[in-house]
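J.: here you go, sequence then predicted model.
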Amino acid sequence: MSSPELPGLDVSSRVRARDIQMTGVADVGRRVLMITGAIDTTDHDVSVSVSLPAPGRWQVIKAETNLTDQTWVAMQAVLDEDSVFLDDATLMSPQFAKSFMTPDQRRLTFYDGEVRPGEAVLKTYSMEAGGSKPAYFYSRYSPIATDSAEQSQQTLEELVSNGMRQRPVVELIVPVSVIN
């Protein structure tokens, strides 16, 4: 409905109607954290914080939907200073053929694939959380339409090795339900 028909009900300038809240479930017995939701921003990084039932090792299964109008060809996550990614068998994403983890194990990049608008992406990895409220930033890379294929590939290679530059941040606190 538009504001001329019902004054005061037009919230389009205040509310991003396409947002879908992220939510999580922590299975304490299996030490698995499952998070799902959607992202609709292309010009911001996303800062996610969760409340875990306990610090320590957690396998993370994260699914999200690309609600943007751009194809993502790489996704990067950077953990807070108290947590690290673990290089183990759970590190994978069906949408991306490759992954790169920095030697300090704080930055993880999935690449060599794509997530088109409207598609879901699944990522699994393990992390060692130093506290019960770990946080991480994640970024997505979409090629610039005016770049050649060679330019896009070179940019992607630089982003994987050097990391993606930080953009303005949208902060999310993901509610986590605990199951045994």
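T.: Right, received. Where do you want to start?
J.: what about this protein, any weak spots by pLDDT?
T.: Scanning the chain with the threshold set as pLDDT under 70 gives 1-20.
J.: what segments of it are helices?
T.: 149-162 (DSSP state H).
J.: which non-adjacent residue is nearest the spatially most central residue of it?
T.: In the chain, the residue lying closest to the centroid (CA atoms, centre = their mean) is Tyr138, at 4.7 Å. Nearest residue to Tyr138, sequence neighbours excluded (CB to CB, 6 or more residues apart in numbering): Ala77, at 4.4 Å. In this view, the C-beta of every residue, glycine as well, is placed from N, C-alpha and C.
J.: count of neighbours near the one you found?
T.: Neighbours of Ala77 under the rule other CB atoms under 10 Å: 21.
J.: my guess is it meets Arg107, correct?
T.: Yes. Using CB atoms under 8 Å, Ala77 is in contact with Arg107, at 7.2 Å.
J.: overlap in contacts, the two.
T.: Phe85 (CB atoms under 8 Å, 6 or more residues apart in numbering).
J.: Gly56 and Pro94, how far apart?
T.: 27 Å (CB to CB, to the nearest Å).
J.: so where do the strands sit in the protein?
T.: Using DSSP state E, the strands found in the chain span residues 23-27, 32-39, 45-50, 56-66, 72-79, 83-86, 96-101, 107-115, 120-129, 135-141, 169-174, 176-179.
J.: now distance to Leu159 too, for the ones you listed, in TSV please.
T.: Conversion of the strands of the chain to TSV gives the following (distance: least, CB to CB, whole Å):
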stretch	distance to Leu159
strand 23-27	27
strand 32-39	18
strand 45-50	13
strand 56-66	18
strand 72-79	6
strand 83-86	17
strand 96-101	10
strand 107-115	7
strand 120-129	17
strand 135-141	6
strand 169-174	18
strand 176-179	30
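J.: tell me which of these sits most buried.
T.: Stretch with highest mean neighbour count among the strands of the chain: strand 72-79 (a mean of 22; mean count of other CB atoms under 10 Å).
J.: for it, C-alpha coordinates in PDB please.
T.: Provided in PDB are the C-alpha atoms of strand 72-79 (Å, rounded to 0.1, in the frame of the first residue of the first chain):
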ATOM      1  CA  TRP A  72      28.500 -13.700  -5.600                       C
ATOM      2  CA  VAL A  73      31.700 -15.400  -6.800                       C
ATOM      3  CA  ALA A  74      33.600 -15.400  -3.500                       C
ATOM      4  CA  MET A  75      32.600 -15.200   0.200                       C
ATOM      5  CA  GLN A  76      35.000 -14.300   3.000                       C
ATOM      6  CA  ALA A  77      34.600 -14.700   6.800                       C
ATOM      7  CA  VAL A  78      36.900 -13.100   9.300                       C
ATOM      8  CA  LEU A  79      36.600 -14.300  13.000                       C
END
